[in-house]
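> Model the following, please.
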Amino acid sequence: GAAHAREKIVDAAADRFLVVADPSKLSATLDRPVPVELLPAARSPVAAAVRELGGDPVLRRAKRKDGPVVTDNGNLVLDCDFGEIDDPERLATALSTSPGVVEHGLFVDLADEIHIGTADGIRIERP
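Just a heads-up that it's a prediction; the model follows:
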């Protein structure tokens, strides 16, 4: 988790981007918190920007160690609850243009195929 910047770099270099998920990840409307990777010095301004966008930012705490999660890039992660997200593209743009944000977990229009594993096999969707 929290490797969104690196995941998007890999996507940009790849010929195709396939998402693999189980049915628990499916939702008609996105309503889960959005992870936002940010520069440590930008924690307060990014949290304020998230609040202005209608989100509730919470610093992701590390498990089995003291303190926050630190990404491979040395950054922090805010889990931002926006409730139901009706326009993911607009939110992705707003987050991406907030000073101090490195990357976020909204992968808008990036997947070539989505492979959903079920008890009956694999369902493939093409956005």
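> which residues of the protein score low on pLDDT?
Across the chain, the ranges flagged by pLDDT under 70 are 1.
> so the closest residue to Leu78 other than its chain neighbours, which of the three states?
Counting by C-beta to C-beta, 6 or more residues apart in numbering, Leu78 lies nearest to Pro57, which is 4.2 Å off, once chain neighbours are set aside. Every C-beta, even on glycine, is put in place using the N, C-alpha and C of the backbone. Following DSSP: H, G, I helix; E, B strand; the rest coil, Pro57 is assigned to strand.
> Contact partners for Pro57?
For Pro57, the contacting residues are Val36, Val46, Ala47, Val50, Arg51, Leu78, Asp79, Cys80, by C-beta atoms under 8 Å, 6 or more residues apart in numbering.
> ok, the residue nearest the centre of the chain to Asp79 distance?
Centroid check for the chain by C-alpha atoms, centre = their mean gives Gly105 as the closest residue, at 1.1 Å. Using C-beta to C-beta, to the nearest Å, one gets 9 Å for the distance from Gly105 to Asp79.
> Nice, that's everything, thank you.
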